Every structure is written in structure tokens, then in C-alpha cells.
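In: what follows is a protein structure lacking sequence information:
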């Protein structure tokens, strides 16, 4: 235990951007990361070891080994639907991407394509030297039959004849070829001659006439040949200098053709040969296409119609573009090895630099199966995937060659042993010993194209590991214990033991603690392990096992299905063994049948690497007292997967239930949903025609048309990759909920929340005292017209990089505020500039006509609104209902501006600009009603420059509204930003008005490392239009900080309770004990005479407190000192006594007024009775019992305009 009475500083590292591309907005004061700051900004970079199959079979040009034959005639080897490596004209092939995100440029010419089966370098060949042939399916009309692609009749042949000057297209039919007839003749001495040929046969292919031999009287001269068609028109003259003349006509017309031998000099005994026949085959090299058999025939000029499935009109490429595309395919994709390199290069090119990546092949360094080819270079840039580290990784990948067998056992064990290393050059380096970061994750991505058939390098047998119980592990915070239990689907579930399978190896290095470090590794949806372990992902290139991962997992869990035996022979059971290994390693498994699927599989695996649970929004409750049915509602998200959750938890004085009463993600249908939108002038059903066009996606791994994209947004999962489509896999259709807080409306028992799937969602919260089957069901959703639909088009992309859409605050008026109505006003927040409004009076009948208005970013004063709007009644004669909106960040003008909007129409009644910029923005407003008549009189809000503003709205005429004295009420001591709302209250002792706020910001990456000392403030509003100076405030402090050993939280007290000195106009408390960097980014709130705030400390880079940390604080509002009694039940014994107090340096016993929340920073709390419930940035929730008597229970708020 340690007691500390002085502050200490903690140094911050510059935080690397984690898998985020930054938005750059015009006039942007704040560069908003696309990923939540609350997760992923400071977690130690995980270790990833990518293992490439470099066996000999990787140089094959088919995938799988024996593509399934088509009926009619077999074209499987050259049709991309059967052979995943065959040329697919619908793909715009790209050369391999390099470490600097540029692409290789060689091998892209049809006459100079790379010939090597593994490399994109070295010798080239001209594809024009021989015919090139491939097949493509005829686009089906409507939904094709299940066997559509099994039939050759549903394909077309495409042929690029030698020379590469044209392209032909053939259709399925019957071959018809044979030599029909011929004749020969010899001329006599000096005899010119005329012959005729009658072409009568149908399907005539060619007429060929030639002369040869004989003698001539004049050297170099002899017979000439002339060919005339049935119309006696000369179609060929052959006039060489000898007797070897020739004429040929393709597809001659029926009738009598005339052949003339013309004397150039005397000649004799010249042989004339004429042959004519038919052949309608497009590929004359096919020996199985004999006469009158199924074949592709009647080739004519034509090119494939390219359907990119992105909403663009299908059309053929130019011949030059088609030949170039074909050459790129040949150089970079035509073998398994080339496809694997293309996919891996593409996937890892998009990987954040904040990863540590190594490379290995199944044969290892120098093909010696002992050492890893490229260990994570921890000694250079901390091993991060950047600079020389990145260059070397790409070089190792793209230089790999294929040969030999497939020793997967040794490769996977080599990875497991690598992650057990303890040295400074190992994967836990460059630190040593106890300084190595314990929460670093380790991933092995194992790719292979075939059955394992060699155990080279497998030196330490693990036995039948998945049948043996694992050791018991205890988490670092002592809250959790877990061990591996041998159960389905992890065990072999066989009658006899199967030792040393690939699945056993993956299980061994997952269930055992690889290091003796604190067990605080982040958990994920599929991986519950918190000890140091290896997570295994498997990708099978082309080969599928006997079991289907899409359909058979449930049967393996229940025992209805069993794993086959991979030990008895080299067959499909060994592919299932790779899937089994992925399950045992708590990763994922994909069978990739073509280049696109391989890239997607790696992208999907890498997104799991980035998975983190988080929450940045406030909890809400359905009651303020502990009655039957009391519940809190929490929104969360999972980064990487970018799914969200809205959960309802039963609440009691002891906290929230561990298990949710319902989860909103389970209440959203995947079809038949009611989804609405805004056209620009009115409400409509989603999607509109214009939105469908905007949702077309032409880029990414899988271009998608707008109709399919809109269906995906609405929840259709039939075209996700896991269901055979091209769209990103989801575990649920509810998108991530980051900064939008749930809004509970008691009038209708409805909850509203925004999500980054592009929607505001309305959920049935259920009656407070009665649970029904409709609790947690989505009622409808709304897609604001102000979001970026071109960005939303990427939502289904397997390589989706997170974006914000509907991420702002949502408020709803009560029927007391707007009689007979509930009006919703929502902000896009980080998702864009502007607001939207809906009439939600009757959620069950909500439809397009209930969309009221939207305001976009065309107004130069409107920015990204991050705080709650405030619904008020104005002082005009009509007592107009209005909504007060602070303009937020990144407005074009850059000033701090308060908007007063007509609630019913959205029209701007008044804008009050502070005139203070640039790069400024006004934070959340709060209103004050001084005479209790229900109208707003004064409004308070802070800005990013540290000014506290007061707006006077007392007049009935908007023209008279003003900023008193055109100066702020207060300027913070060093320009500390006020990025959130304020609380206001009246001191019952002297009637003075007070404004309370905290400083600090957490909006962009730079804020993580900002060590500016922030503060908590209480300032009087004396009504004199003067700015209160810092010297007029009383400095208060944190008296005691105690680091409580073996506890999940620390404790603090503020200065001993004492009156505010005479003449002082308020107080401030510096937040510098124990941590510089502590700040207040959520609105404070009043509880009686006590000011309650949540503060946060940003995460430190590359440490295990990556979710950040924080404090719940309570002070006497009007003195800035400790409450008269302990406010928090520090010892958690259910009572408030001396056990909840700490002793300061002067011996004073002071009640605990500040408790840390352990891992994760707290959001704004909600009170049910005297229990405070809150959410944390690590995705957990928390609660604290508070002392309702911690301050004198008296009325201190005269009439604050409250929305919550």
C-alpha cells in the first residue's frame, strides 16, 4: 500500500496510428481518426507470423487439383468457375503490390509475360506465339439453377489466336468437320489449263489450291495461279517466280469456283491440288472433339462482356486492354504460388504499421525446416511493420519458390516454439525479463494448398493434446480463472486416441501459458484466453475437406458429426485437420477457391487481429429508483469486426446483472425490416434510386452494385463470403456503436441509438414492470440523408476500413416539453456535419412522413456536432419550441457558434457567433430558466479555446439575443479546451448562479500525448457581463492519492471540506495527482449539492493499459473541497463510515471522493437511487454505491433545462 500526497508525472510516447486512415476536412481544426480512440491506439502491437506453403504443388495451375468436370464436354481446366486459377475476365487483374504500396510493372505485355511458375521476374515469353483459350459462363437470367455452372452449354469459349491480333468467341454446339473432297491434276507440256470446283457441302470451312513440282523453260518463272469465285470475280492471284503457288479461301460461298493455271513461261508436269472441307470447331487441338460431338463451334470475332458487379454497365474491354489483363493474370496469378503471393501482398499492404510481422514458409529458412525465415525484427523500429522491416517482409514473400512435400506439423510447431522464446531478440523483445510486455498477442497464419504429408521439423511430440485438460490460468486482475476442457468440437471425438495431429499442435500452443508473465492478454469474441498463447488461423488454397465449415460446425459441437482420421492416409481428412487446428487455436479457417477469396481470407484473419471490445457512450436507465424492472442500457462495439451491441441489464443496488436481459443485435431481422431515409426534401423508404447509385462500389477486393449494397446495409447476409458471396462477413447486422449514447423515452418505452452501419435504430425497450417477447426488438431504422453514401458503399467490402456514420447524440423531447409529441433530434457526430429530426410520437406506426427535417454541412458555421442538442421553449409570444445546437468541430468558418433552430422546421431562428476562431468549435449547451416559467433564459457552453460562454436569450425578440459584454464568462488558465458540456446550479446559501465544467479533449491522436495539466472548475455567474479572472478563483487540490495493493481500484480525496474564502468567485482543481494527462471529456452532473464528474487518463502507448483509465469524482460543488462525508463506499461494505476515509498529510480524516475504475475510462454515469452506473472504454460496465447524504440534501437547481 502506498500513500502519496504529491503529484508525479508520467511520460507519454507518441502514439502510432492503428489501422486508421485519417479524414481531412476543409478547414479542419480536428483530424478525426476513423477508428475509435478508445480502443486500438495504444495496445502493444501484436505479433503476426505469416506462414506460406512453399511445397512443389504450389506451382500447379489448377485449384483444386482436379477441377470438377462439366457435362456435355469437359472445359473445367480452363473455366474459372471450376478451376479457381483460370483466367476470369470479370477481374481487373493487378500486378503484385510492393511494400511502398506501388505495384510491380513487368510482365504486363502480351508479348513479354513472366514464364516462371513462382516468381514475377526473370525470363519472359510471348503469349502471341500460341493460341490462348479460356471459358466464361454466360450470365444467367435471374437466379441460376444449382447445376447451372456444371453444364458446358452455359459457357462461351474465348480464343486469342496466335499472333494476338484478334479475339474470337465460340458457342456450345455440335462439331461438324471433315475433308469433303479433293482432286489432283498434272499439266502437259506448255499447257495452260482451267479447272472448276463445285462447292455444295454445307458448313464449308475452306478451299485450298496449290501447285508444286514440274519444270519450266525460263529459270525463276513458271506457272501462275488464279482463283475466281462463282461470280467470276478474281479472289486470289498467286504469281511467284516458281511453280509453288497457293490460294486459300475461308468459308467459300456455294457454287462453281474456277481455277486457272496461267503460263508465265513454258512449263510441264506441274501438280495441281485442290482440297475443300468443313470444320466448325473453335479449338482444333481437342482430340476428343471428333465429328458430331459436343464442342464449342462457330468462332466469330468477339470479346467477353465484363461484369464487375459494381453497378456499372457490363461491357467488353478493348482488345488491347483484354490482352494486357490476360498478360497480368499469366504473370501474377496463374499458379497457386502466384495467387498466394498476390493475395498476401494485397492483404498485408493494408495492414497497419502498428503490427509486428514475421515471415516463414513451411520449409523454413534455407529449406532446412529448423529456423524461421524472417523473424520479427524487434531490434529495428520495435519490430513495427514499417520501413526496412516492411521491405524485407515483402521481399521474402515475393521471392519464395515452390518445391518438395508439405511439412505442416513442423511449420506450426516452429511458430509455437518461437512464441515461447524469452530473449531480447525473440517475439517478446526488445525488452528483457519482466519488462517484456505481457499483453502482446501472438498469431500464426498458416496457408497451404494440400494435405500434409511430411513431418520434417516436428521435433517435440505433443501427443493427443486436445483430449487432455489444460492447466488452470488466473487473470492478472485475479477476477477470472479459465482452463481448456476437452470437449466438442475441439476433441477428436473418436473411439481411439489420435496423437500428434495438426489440431493437437494448435491446441497445445493455445491451452498452455507460453510465458510466465501476468495474464492480461486481450480477449476477443472467438478467443477467451487471457494468458500468453498462440492463435492459429488456417487457409486452404483450393482444397476442401470432407466436412464443410459453413454447415458442419454445429454437428461437431453436438457430436452429431465427427472428425475424420488424418493419420491413416493422405486424403481430405487432412484438410479437415487444418480446420480442426484453426478451431483448437481459436482462429478461423477458410477454403479459398480463387485469388479473390484468398485475399479476403487473409483480410478477415487480420481484422480479427485488430478485434477489441470497447464503449465510449453513456449508459442510460429506464428509472431513477430501484423498482421492479429497473434496467440500464449500454451500447458497445467490437473493433476489427465492427459490430455493435445494445444491451439491457437488470439493475439493483449491488450493480448490473452479469447477463443481459436482452441484446439488441438479436432483435434485428435480416429481412423485412422497416428502414427509412431522407431524399433531401422529404422522408422515403430506404434506399432511394439516387442512394442505390451512390452505393455502387467499383473498388476494393469485391466491387458490388448499389442494390446489393443497400440490401447488405439493411441486413441481408445471403451474399456474405461465408454464404458464398462477395460481401464482408458479419457476426451480426448491428453496426458498431461508438459515441452515440442510448436515449430511453419513457413515454413510449423506446430506445434510440445511432450506429456506424449508417442507421439510427429504434428498439422496443419493453414495459418497466413486464417483460415480453418484443423486448429488445428493432422497430425500425432510419438512414440520414446527410451521411456519405460513397463511404457507406465500402461497408460491405471485405477490406472495410472503419468509418463513422451515425455517431452523434440523440435526444427526444418529452410530452411535457412538446405536448402530445415526442420529437427526436440526432446528430451525425464524427460521421458528418449536421442534424436530423423525426417525429417519434408513435414508434409502431413510424413511416416516411414522420421524417421532419435535416440540416447538412452547407452552412459554413455548422460543424460536426459532438454534444447533446437541447430542446427548449423560447420567450417569444408564441413560446416557440426550439432546439439549441452548438456548432461543434470542423466548421468551415472555424468559429464557436450557437444555433437556435425551430424544432418543427429546422429553420435557423438565430445564430450567435462568439467570433472566436479559428479552428474552434462550441461544445454542448446547457440552459437556465431563471423565473421558472418553462422558457430558456440563459445558455452556457464552452469552446475548444478554453472560453466559457454565456448567451442571453431572455428577450422575446431574437434580434436582442446576445453574448453579455461580448466576452466570455471565464477563460481557462492556459487555454485548456472545454470539449464537453457544463452543469449549472444555484447556491442555496446566497442564491448565486454557478457553472461547473472540466477541461481537456480526446478527439484526435495527438490528444493521447498531450500532457497539459487539466482542471475541474466551479465559476459564479454574477450577472455583471465581466470575465472572471483566474486570480479570482480559489485553488483547490487532491489531498490524498492511495494506490491500493491487490485491488482493482485506487482511491483519492480532495481537500478537507472548507468554505470558499470571501471574495472568491469560484474554484479550480488541477488534475495532476497521480497522473498528468487526466482530463474531463464528459459532462459533469449535479447530485444535490455535490458535483459528480467522470475523468479519464488516455492510454499509454505500447503498454497494457491500452483502454485508458479514469476516475469517478465527487466534490462539494460550492466550495471545491471534499464532501462532508465519504461519497463512495470505498471498502464496499455497504455502509459509509471511517473505513471510507483517508488521512491527509495534516492528519485530517477525509471521506473518499474519487475512485479509479481500473482498466477502462468511465463515461458519464446514470443514477438509480444512490447507485451510479457507468460504462467503460474497455467495453465493461461498472457501478458505485454513493452516499446520498454526502452533502446536505437540499434543492440547488432553480430550473436547469434538462434533457436527461
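Out: Noted; the coordinates are in hand. Model, not experiment: these values are computed from the prediction.

In: alpha carbons only for contacts and neighbour counts from here, please
Out: Will do.

In: residues of stretch 878-897 that come out buried?
Out: Across stretch 878-897, burial judged by 16 or more other Cα atoms under 10 Å covers 880-897.

In: if you could redo that for stretch 960-978, that was the one I meant.
Out: 961-964, 966-972, 975-978.

In: pick out the most distant pair among the residues you listed.
Out: Across these, the longest distance by Cα to Cα is 27.3 Å; it joins 961 and 976.

In: quick check: closest non-adjacent residue to residue 489.
Out: Closest residue in space to residue 489, ignoring its immediate chain neighbours: residue 557 at 4.7 Å, by Cα to Cα, 6 or more residues apart in numbering.

In: so what's the residue count around that neighbour?
Out: Applying other Cα atoms under 10 Å, we find 15 residues neighbouring residue 557.

In: and the one 10 residues further on, by the same measure?
Out: Neighbour count of residue 567, defined by other Cα under 10 Å: 15.

In: so how far is the first residue of stretch 74-83 from its last?
Out: Terminal residues of stretch 74-83 are spaced 12 Å apart (Cα to Cα, to the nearest Å).

In: and the contacts of it?
Out: 62-64, 67-70, 86-88, 133-137, 149, 152, 593-594 (Cα atoms under 8 Å, 6 or more residues apart in numbering).

In: the residues you listed in helices, which ones?
Out: Taking DSSP state H, every one of the contacts of stretch 74-83 sits outside helices.

In: buried ones from those residues, can you make that a PyMOL selection?
Out: If you want just the buried ones from the contacts of stretch 74-83 in PyMOL, going by 16+ other Cα under 10 Å, the selection is:
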select buried, resi 62+63+64+67+69+70+86+87+88+133+134+135+136+137+149+152+593+594
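
In: in strands, which of the contacts of stretch 74-83 fall?
Out: 133, 134, 135, 136, 137 (DSSP state E).

In: can you list the residues you listed in a markdown table and add pLDDT?
Out: Formatted as a markdown table, those follow (pLDDT from 0 to 100):
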| residue | pLDDT |
| --- | --- |
| 133 | 98 |
| 134 | 98 |
| 135 | 98 |
| 136 | 98 |
| 137 | 97 |
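
In: quick revisit: what helix or strand is the residue nearest to residue 489 located in?
Out: helix 553-558 (DSSP states H and E).

In: packing partners of the next helix or strand after that helix?
Out: Sequence order places helix 573-584 as the next helix or strand after helix 553-558, per DSSP H and E. With contacts defined as 3 or more Cα pairs under 8 Å, 6 or more residues apart in numbering; DSSP states H and E, the packing partners of helix 573-584 are helix 502-511, strand 535-541, strand 586-592.

In: part of a helix, is residue 415?
Out: Yes - looking at residue 415 with DSSP: H, G, I helix; E, B strand; the rest coil, it is inside a helix.

In: now do it against residue 352, distance only.
Out: 22 Å.

In: state the pLDDT value of the closest residue to residue 471 other than its chain neighbours.
Out: Counting by Cα to Cα, 6+ apart, the nearest residue to residue 471 once its immediate chain neighbours are dropped is residue 483, at 5.7 Å. What the model reports for residue 483 is a pLDDT of 98.

In: contact partners for residue 483?
Out: 469, 470, 471, 472, 473, 511.

In: near the first one, how many other residues are there?
Out: Right, the one you point to is residue 469. 13.

In: state the distance from it to residue 294.
Out: 60 Å.

In: how's this protein carved up into domains?
Out: The record's domain parsing of the chain by automatic domain parsing lists 1-31+977-1204, 47-57+350-609, 61-175+286-332, 177-279, 612-832, 859-968.

In: and those as CSV, adding distance to residue 338?
Out: What follows is these, written out as CSV (distance: least, Cα to Cα, whole Å):
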stretch, distance to residue 338
domain 1-31+977-1204, 27
domain 47-57+350-609, 9
domain 61-175+286-332, 5
domain 177-279, 37
domain 612-832, 17
domain 859-968, 46
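
In: which of the ones you listed comes out lowest on mean pLDDT?
Out: domain 177-279 (a mean of 77).

In: start to end distance for that domain?
Out: Terminal-residue distance, domain 177-279 (Cα to Cα): 4 Å.

In: just how off-centre is that domain within its chain?
Out: 70 Å (Cα atoms, centre = their mean, to the nearest Å).

In: over to stretch 1114-1130?
Out: 44 Å.

In: start the count at 11 instead of 1 going forward.
Out: Happy to do that; since the first residue is 11 now, the last one works out to stretch 1124-1140.

In: right, and residue 706 touches residue 802 too?
Out: No - Residue 706 is beyond contact range of residue 802, at 9.7 Å (criterion: Cα atoms under 8 Å).

In: separation between residue 668 and residue 1195?
Out: 17 Å.

In: the two: which has the busier surroundings?
Out: residue 1195 (23 against 10).

In: and the more buried one, what are its bridge partners?
Out: residue 1181 (DSSP bridges).

In: isn't it up against residue 1138?
Out: Yes - applying Cα under 8 Å as the test, residue 1195 and residue 1138 come out as touching, 6.2 Å apart.

In: please name the residues that touch the closest residue to residue 401 other than its chain neighbours.
Out: Leaving aside its sequence neighbours, residue 401 sits nearest to residue 109 (Cα to Cα, 6+ apart; 5.3 Å). Applying Cα under 8 Å, 6+ apart to residue 109 gives the contacts 359, 400, 401, 404.

In: helix/strand/coil for the third one?
Out: Counting by three-state DSSP, the backbone at residue 401 sits in helix.

In: distance-wise, check it relative to residue 358.
Out: For residue 401 relative to residue 358 (Cα to Cα), the value is 12 Å.

In: next one: residue 296
Out: 42 Å.

In: higher neighbour count, these two?
Out: residue 358 (23 against 10).

In: part of a helix, is the more buried one?
Out: Yes - counting by three-state DSSP, residue 358 is located in a helix.

In: that one and residue 388, how far apart?
Out: Taken as Cα to Cα, the span from residue 358 to residue 388 is 18 Å.

In: ditto for residue 709
Out: 35 Å.

In: have a look at these two and say which one is more surrounded.
Out: Using other Cα under 10 Å, the more surrounded residue of residue 709 and residue 388 is residue 388, with 21 against 13.

In: residue 413 reaches residue 127, doesn't it?
Out: No - the pair residue 413 / residue 127 is not scored as a contact, 11.0 Å apart, by Cα under 8 Å.

In: so for stretch 659-678, what gets flagged as buried?
Out: Buried, per 16+ other Cα under 10 Å, within stretch 659-678: 659-663, 665-666, 670, 672-678.

In: I meant to write stretch 907-916 there.
Out: 907, 908, 909, 910, 911, 912, 913, 914, 916.

In: swap in stretch 347-354?
Out: 347, 348, 349, 350, 351, 352, 353, 354.

In: now it: average pLDDT?
Out: pLDDT averaged over stretch 347-354 gives 94.

In: and the contacts of it?
Out: 64, 68-69, 95, 105-107, 127-129, 342-343, 407-408, 411-412, 604-606, 608-610, 612.

In: over to stretch 721-734?
Out: 560, 679-681, 683, 685, 735-740, 743, 767-768, 805-806.

In: now do stretch 961-975: distance to the chain's middle.
Out: Offset of stretch 961-975 from its chain centre (Cα atoms, centre = their mean): 47 Å.

In: please apply the same query to stretch 728-744.
Out: With Cα atoms, centre = their mean, you get 13 Å for stretch 728-744.
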